[in-house]
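K.L.:
Fold the stuff below for me.
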Amino acid sequence: MSGREWVGYGSVVATAVGLLLASCAHDTYRERADLVKDHAESFYSHLKANRVESAIRENEQIEAMASQMGETVKKRAAQQGTTPVEQEFALMKTANEAAATNWLALGQYFAIKKQYPRARATYRRVIDTYTNSTERPYREQAQRALQDIDILNPPTAVTTNP
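P.N.:
Coordinates of the predicted model:
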C-alpha cells in the first residue's frame, strides 16, 4: 500500500462536504460545512507532514462538531420544520463520516510507518466509537484492517506457566 492511498480519503471528504455545501442555503450551515472541510484538510496536511498529534486534534474537532450538531438536531426537531433539521442532520452525518474516514486513514498511516500497536489502537477506536448501524462500513473496514495488521505483525503469543 502506498502512502498516497490514505491521502486519497481527503478528496472524498472534500467532495462530500462540497456537495453538502452546495445544498446549504443558510450562512450558518455554509460556515459549519466550511469549518468541517477546513479541519479535514488540516488533518491531511498534518498527517503528510508527520505531525500526528496535530492531525488527531483536528479530527477530534470534527467529532466534537458532529456531536454538537447531533444535539442541535434533537433540540430543533421538535421546534422547527423539517428543512433546517434535515440540513443540520446532513451536516452532522458528513462530519461523522469525515471523522471516521480520518481515523481509518490514520490507522493506515501508522501501518505504513510500521507502527503496528498504534495502528491497532486507532482501528480499535473506530470499532469502539462508531457504533451506529449507519457507521457499520467504518467498523467493518477497521476490523479488516486489524486482520491485515495481524498478517503484517502477528500478535505475540502470551504463554502462561502453570
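
K.L.:
Which parts of this structure are helices?
P.N.:
Shown for the chain, the helices assigned by DSSP state H span residues 3-23, 27-48, 52-79, 82-112, 116-129, 136-152.

K.L.:
Would you format the ones you listed as TSV with mean neighbour count and mean pLDDT included?
P.N.:
Yep, even glycine has a C-beta here, placed from its N, CA and C like the rest. Shown next, in TSV, are the helices of the chain (neighbours: other CB atoms under 10 Å; pLDDT from 0 to 100):
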stretch	mean neighbour count	mean pLDDT
helix 3-23	16	48
helix 27-48	19	91
helix 52-79	16	85
helix 82-112	22	90
helix 116-129	18	97
helix 136-152	15	96
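
K.L.:
list the contacts for residue 122?
P.N.:
For residue 122, the contact set (CB atoms under 8 Å, 6 or more residues apart in numbering) comprises 103, 106-107, 110.

K.L.:
ok, these vs residue 36, which is closest?
P.N.:
Using CB to CB, residue 103 comes nearest to residue 36 of the contacts of residue 122, at 14.9 Å.

K.L.:
check contacts around the nearest residue to that closest one once chain neighbours are set aside.
P.N.:
Of all residues not flanking residue 103 in the chain, residue 126 sits nearest, at 4.8 Å (CB to CB, 6 or more residues apart in numbering). Contact analysis of residue 126 by CB under 8 Å, 6+ apart lists 100, 103-104, 107, 138-139, 141-142.

K.L.:
And the furthest pair within those residues?
P.N.:
Across the contacts of residue 126, the longest distance by CB to CB is 12.4 Å; it joins 107 and 139.

K.L.:
Give me the residues contacting stretch 50-60.
P.N.:
Contacts for stretch 50-60 (CB under 8 Å, 6+ apart): 39-40, 42-44, 46-47, 99, 102-103, 106, 109.

K.L.:
mind giving me TSV with those residues and columns for distance to residue 33?
P.N.:
Listed next are the contacts of stretch 50-60 as TSV, based on distance: CB to CB, whole Å:
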residue	distance to residue 33
39	11
40	11
42	15
43	16
44	17
46	21
47	22
99	14
102	16
103	20
106	22
109	25
